[in-house]
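Visitor: Sequence and predicted structure, then a few things I'm wondering about:
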Amino acid sequence: MTDNKSEPGTKVERRNSFSMSRQLFNRIVREWIIVTLILIPLTAVLSLTNALGFDSLIYDRLLSLTRLGNDPRILIVKIDNRSLSEIGRWPWSREVHAALLDRLSDAKPAAILFDVVFTEPGLSPAEDRRFADALCKSGVVVLPSIRKQIALEGGATSEFLPVEPLRQCAWGIGHINVQADSDGVVRSVHLREGMVNKPRLQMAWVGYSLVDPAGAGQLPGQALAANAQGWVDDHVIRIPYLGRADTFASVSYSSLLRGEVPDSLLRNRIILIGATAPGLGDRYVTPISASAGVTPGIEIQANILNGLLQGRSVVELSGWRAMLLAVAPVMLLLAIMLISGLRYALLLSMS
């Protein structure tokens, strides 16, 4: 025999279960909409501003996993403690630099990037003329310019250039300004920076265009409008640091000057000359500073050049691409959460 008295109760239980699942469904959808309306715009804004520095932290971690090697053509000539003790106190006479260039010219390097600022005249015009002659003889020397920090009349920023006659004899002039993030760490550089009427290319890029004109046809990154002070800084790239210091081949300035370095080690090399001695020259906090300490400017130039030579410079995405890349995984996660919640409500209604 069948107990018919249980049927009304069963119908009531089913109605109650359906009502509960309907309420659960409505609550899940309502909460999902609220979370979506908050999370998607917030993610989009943070992707454009990098206010919390998540991109920088991720970039720093990824550098330790990089498989980028050092280009064997790069050779750093270090102005180190040994050179200072043997040659004398800094700054050195430009006769010393001229003698070094004569030594390098005999070995036929592919390019020479001089990361030493020559914005003031030497001790005498004859000294400057001697150095300029060495620059002209070499024909492959790139000299640096730096940004002038004090605004000129009218609010325009300017730059310091090498003095005459050095400027006329250099193969090219490139800026050595670097870009520090809000945490003070140098991760980026502008490949083009300067006055709006004549922006300056970055020194490593100028050297790259000297040794590989075909590969240096187009600047990585985006071209941007000048700022209110009439200064252009665009085509930004992240510097692909190798993740450790003293990676590139190097020799001491004084050793090279004394002829202790054979021509075979210099021929067809890209020579970068700069200060590595503590307390001399520019030094910056970089993503590898935790293990290597502050990084000399010449090492930064070497890392920039190394990335360019291997086609591995890291270009930041444009605004809408960065926003889409950041928002897409969040939307996928929200969709999974919504589907999972609805599936739970459906199972409850069927029980």
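Guide: Great, that's in hand.

Visitor: Restricting to C-alpha, output stretch 195-206 in CSV.
Guide: Taking Å, rounded to 0.1, in the frame of the first residue of the first chain, the C-alpha atoms of stretch 195-206 are listed here in CSV:
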residue,chain,number,x,y,z
MET,A,195,64.3,69.0,-26.9
VAL,A,196,61.2,68.7,-29.0
ASN,A,197,62.9,70.3,-32.0
LYS,A,198,65.9,67.9,-31.8
PRO,A,199,65.4,64.9,-29.5
ARG,A,200,68.5,62.8,-28.8
LEU,A,201,68.8,59.0,-29.3
GLN,A,202,70.1,56.9,-26.4
MET,A,203,73.8,56.2,-26.4
ALA,A,204,73.5,52.4,-26.6
TRP,A,205,71.1,52.7,-29.5
VAL,A,206,73.5,55.0,-31.3
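
Visitor: Identify each buried residue in that stretch, please.
Guide: Buried residues in stretch 195-206, counting neighbours by 16 or more other CB atoms under 10 Å, are found at 195, 199-206. Bear in mind the C-beta positions are built from the backbone N, C-alpha and C, glycine included.

Visitor: Dump these into JSON lines; add secondary structure as well.
Guide: Below are the buried residues of stretch 195-206 laid out as JSON lines (DSSP: H, G, I helix; E, B strand; the rest coil):
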{"residue": "Met195", "secondary structure": "strand"}
{"residue": "Pro199", "secondary structure": "strand"}
{"residue": "Arg200", "secondary structure": "strand"}
{"residue": "Leu201", "secondary structure": "strand"}
{"residue": "Gln202", "secondary structure": "strand"}
{"residue": "Met203", "secondary structure": "helix"}
{"residue": "Ala204", "secondary structure": "helix"}
{"residue": "Trp205", "secondary structure": "helix"}
{"residue": "Val206", "secondary structure": "helix"}
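
Visitor: and the two most separated of the residues you listed?
Guide: Met195 and Ala204 (20.3 Å; CB to CB).

Visitor: Would you reformat the buried residues of stretch 195-206 as CSV and include pLDDT and distance to Thr119?
Guide: Listed next are these as CSV, based on pLDDT from 0 to 100; distance: CB to CB, whole Å:
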residue, pLDDT, distance to Thr119
Met195, 83, 16
Pro199, 88, 19
Arg200, 92, 14
Leu201, 94, 18
Gln202, 96, 18
Met203, 97, 14
Ala204, 96, 19
Trp205, 96, 21
Val206, 96, 17
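
Visitor: Run through the strands of the stretch 251-351 of the chain in chain order.
Guide: All strands of the stretch 251-351 of the chain, identified by DSSP state E, counting those that start in this stretch, fall at 270-275, 283-284, 295-296, 314-315.

Visitor: Switch those over to TSV; also include distance to Val189 and mean pLDDT.
Guide: Listed next are those as TSV, based on distance: least, CB to CB, whole Å; pLDDT from 0 to 100:
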stretch	distance to Val189	mean pLDDT
strand 270-275	15	96
strand 283-284	11	89
strand 295-296	13	91
strand 314-315	11	72
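
Visitor: Could you dump those strands into a markdown table with distance to Trp90 and mean neighbour count added?
Guide: Below are these laid out as a markdown table (distance: least, CB to CB, whole Å; neighbours: other CB atoms under 10 Å):
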| stretch | distance to Trp90 | mean neighbour count |
| --- | --- | --- |
| strand 270-275 | 8 | 24 |
| strand 283-284 | 15 | 17 |
| strand 295-296 | 14 | 24 |
| strand 314-315 | 34 | 16 |
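
Visitor: For these, give me a markdown table that also has distance to Leu113.
Guide: Output for the strands of the stretch 251-351 of the chain, formatted as a markdown table (distance: least, CB to CB, whole Å):
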| stretch | distance to Leu113 |
| --- | --- |
| strand 270-275 | 5 |
| strand 283-284 | 17 |
| strand 295-296 | 14 |
| strand 314-315 | 21 |
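
Visitor: what's the closest of the ones you listed to Asp233?
Guide: strand 314-315 (15.1 Å).

Visitor: Please enumerate the helices of the protein.
Guide: Using DSSP state H, the helices assigned to the chain run over residues 6-49, 54-63, 81-87, 94-107, 125-138, 166-169, 203-211, 253-257, 263-266, 289-292, 297-309, 319-350.

Visitor: And the fifth one, what's buried?
Guide: Same thing as helix 125-138. Buried residues in helix 125-138, defined by neighbour count with 16+ other CB under 10 Å: 127-132, 134-136, 138.

Visitor: rewinding a little: quick one: which of the strands of the stretch 251-351 of the chain is nearest Leu191?
Guide: strand 314-315 (10.0 Å).

Visitor: partner strands of the closest one, parallel or antiparallel?
Guide: strand 231-238 (antiparallel) (DSSP bridges).

Visitor: Would you mark the buried spots in the partner strand?
Guide: 231-238.

Visitor: got CSV for these, with distance to Ala110 and pLDDT too?
Guide: CSV is the format used below for those (distance: CB to CB, whole Å; pLDDT from 0 to 100):
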residue, distance to Ala110, pLDDT
Trp231, 32, 81
Val232, 29, 83
Asp233, 28, 85
Asp234, 28, 85
His235, 24, 89
Val236, 27, 88
Ile237, 22, 89
Arg238, 26, 88
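
Visitor: got the residues you listed as JSON lines, with distance to Arg269 columns?
Guide: As requested, the buried residues of strand 231-238 are exported to JSON lines (distance: CB to CB, whole Å):
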{"residue": "Trp231", "distance to Arg269": "34"}
{"residue": "Val232", "distance to Arg269": "32"}
{"residue": "Asp233", "distance to Arg269": "30"}
{"residue": "Asp234", "distance to Arg269": "31"}
{"residue": "His235", "distance to Arg269": "27"}
{"residue": "Val236", "distance to Arg269": "28"}
{"residue": "Ile237", "distance to Arg269": "24"}
{"residue": "Arg238", "distance to Arg269": "26"}
